[in-house]
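Colleague: Have a look at this prediction, sequence included:
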Amino acid sequence: MPVPNFLLIGAAKSGTTSIYKYLEQHPQIFLPPKPEQRFFLMEGKHGPFTRPGNINAGRQIVTNWQDYQAIFQDVTTETAIGEGSNDYLWGSGAACRIYHYLPTIKLIAILRHPVDRAYSEYWMRRRDRGFEPLSFSEAVQAEINELEQPWQLWSRYYLRGGFYYRHLTPFFNLFERGQLKIYLLDDLKQQPLLIIQDMYRFLGVEPDFQPNLAVWQNRGGQPKPERLYWLLSEWQRRMPTTGPLRHPFMLMERLKRYFLIKPPPISPTVRQMMLAHYRADTLNLQTVLQRDLSHWLV
């Protein structure tokens, strides 16, 4: 039975949903209809894995190797077989489990300014009713007391999620450097076709294929009015997401975008506090990637 030969490991709120859509358009690439199987984090655990504000979240989580293999049973002629789970990047033990099962696998990560990533994830959670009741500054302050705590499903990872060098180190230690491709969201936004075709080349498929890049997936924002947005989301969760009856779901997705506005700026005090936490990690990452990340220090 086929098994993956590549994984998209994160980071969340850094363009991974769009990358997933661009990769799955390629005729030589197989991806499951939905990402976030999280097998290499959740192996052996017992559900249900629902979360506050979204009873559907976690339904695609797989916890044993046989069920994980079954995800790829529809592979036919595709040569690049993969899946994407953003929590692999920072989940405790994920790198070791991946290496145990798939030591020769190729890994793709995309990274974003850590403070901007955290703020975007905060508003994603606010959009799920009841998932994040605190203000951003309150949530970050609460998380500071948990900086050394290991990853847990649905836990806050605003601040902790941006320590990219720390999270990538287990992958650097286990896998050959040629097995990892690390991109920046800035590059994807500026030259999307160039970056996606570089990914195609890395995966060993026809690099000149041109996907439809017209739609940026999973756009963020502040829901307003919040209660109406939550109501639309509740209706949407009762709709089929795949197959011939998925059209109402897609229409609702478009409608919800009208109720998203640009969030207020982060408090300068909170931003500077977060930057201070990230500084050493960002400098280490800059050295490893041999990229100028000075714009991540401000």
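Modeller: Cool, the structure landed.
Colleague: Going by C-alpha atoms from here, please, whenever you check contacts or count neighbours.
Modeller: OK.
Colleague: At which residues are the strands of the stretch 1-150 of the chain located?
Modeller: The residue ranges that make up the strands of the stretch 1-150 of the chain, judged by DSSP state E, counting those that start in this stretch, are 6-8, 29-30, 80-84, 106-111.
Colleague: Residues touching the longest one, excluding its own?
Modeller: Outside strand 106-111, the residues that touch it by C-alpha atoms under 8 Å, 6 or more residues apart in numbering are 5-11, 14-16, 89, 164, 179-185, 203.
Colleague: cool, and the second one?
Modeller: Outside strand 29-30, the residues that touch it by C-alpha under 8 Å, 6+ apart are 23-24, 75, 78-82, 205.
Colleague: Where neighbours are concerned, which of those has the most?
Modeller: When neighbours are counted as other C-alpha atoms under 10 Å, the busiest of those turns out to be G82, with 24 neighbours.
Colleague: State whether that one and L31 are indeed in contact, as I suppose.
Modeller: Yes: taking C-alpha atoms under 8 Å as the definition, G82 is a contact partner of L31 at 5.4 Å.
Colleague: Mind listing what's buried along stretch 280-297?
Modeller: Judged by neighbour count (16 or more other C-alpha atoms under 10 Å), stretch 280-297 contains these buried residues: 281-283, 285-286, 296-297.
Colleague: Narrow these to those in helices?
Modeller: Cross-referencing the buried residues of stretch 280-297 against helices under DSSP state H gives 281-283, 285-286.
Colleague: What is the nearest of these to G47?
Modeller: Comparing those against G47 with C-alpha to C-alpha picks out D281 as the nearest, at 34.1 Å.
Colleague: can you give me the helices for the stretch 151-298 of the chain?
Modeller: Ranges of helices in the stretch 151-298 of the chain, per DSSP state H, counting those that start in this stretch, are 164-174, 185-190, 192-203, 226-237, 247-257, 268-289.
Colleague: Tabulate the strands of the stretch 1-150 of the chain in JSON lines, adding columns for mean pLDDT and distance to R291.
Modeller: Written out in JSON lines, the entries for those read as follows (pLDDT from 0 to 100; distance: least, C-alpha to C-alpha, whole Å):
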{"stretch": "strand 6-8", "mean pLDDT": "99", "distance to R291": "21"}
{"stretch": "strand 29-30", "mean pLDDT": "98", "distance to R291": "29"}
{"stretch": "strand 80-84", "mean pLDDT": "98", "distance to R291": "25"}
{"stretch": "strand 106-111", "mean pLDDT": "99", "distance to R291": "12"}
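Colleague: Take the ones you listed and lay them out in CSV including distance to H46.
Modeller: Converted to CSV, the strands of the stretch 1-150 of the chain look like this (distance: least, C-alpha to C-alpha, whole Å):
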stretch, distance to H46
strand 6-8, 23
strand 29-30, 28
strand 80-84, 21
strand 106-111, 27
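Colleague: right, and those strands - which one's nearest Q190?
Modeller: Proximity to Q190, assessed across these by C-alpha to C-alpha, is greatest for strand 106-111 (13.9 Å).
Colleague: In the sheet, which strands lie alongside that closest one, parallel or antiparallel?
Modeller: Take DSSP bridges as the rule and strand 106-111 pairs in its sheet with strand 6-8 (parallel), strand 180-184 (parallel).
Colleague: Nearest residue to R271 in space, please, no chain neighbours.
Modeller: Of all residues not flanking R271 in the chain, V115 sits nearest, at 6.9 Å (C-alpha to C-alpha, 6 or more residues apart in numbering).
Colleague: check contacts around that neighbour.
Modeller: When the contact criterion is C-alpha under 8 Å, 6+ apart, the partners of V115 are 159, 162, 271, 274-275.
Colleague: Confirm for me that L213 is in contact with Y22.
Modeller: Yes: using C-alpha under 8 Å, L213 makes contact with Y22 at a distance of 7.0 Å.
Colleague: Tell me which of these two has more neighbours.
Modeller: Per other C-alpha under 10 Å, whichever of L213 and Y22 has more neighbours is Y22, with 22 against 14.
Colleague: Contact partners for the closest residue to that one other than its chain neighbours?
Modeller: Of all residues not flanking Y22 in the chain, P211 sits nearest, at 5.9 Å (C-alpha to C-alpha, 6+ apart). Residues touching P211, when contacts are defined by C-alpha under 8 Å, 6+ apart, comprise 22-23, 25-26.
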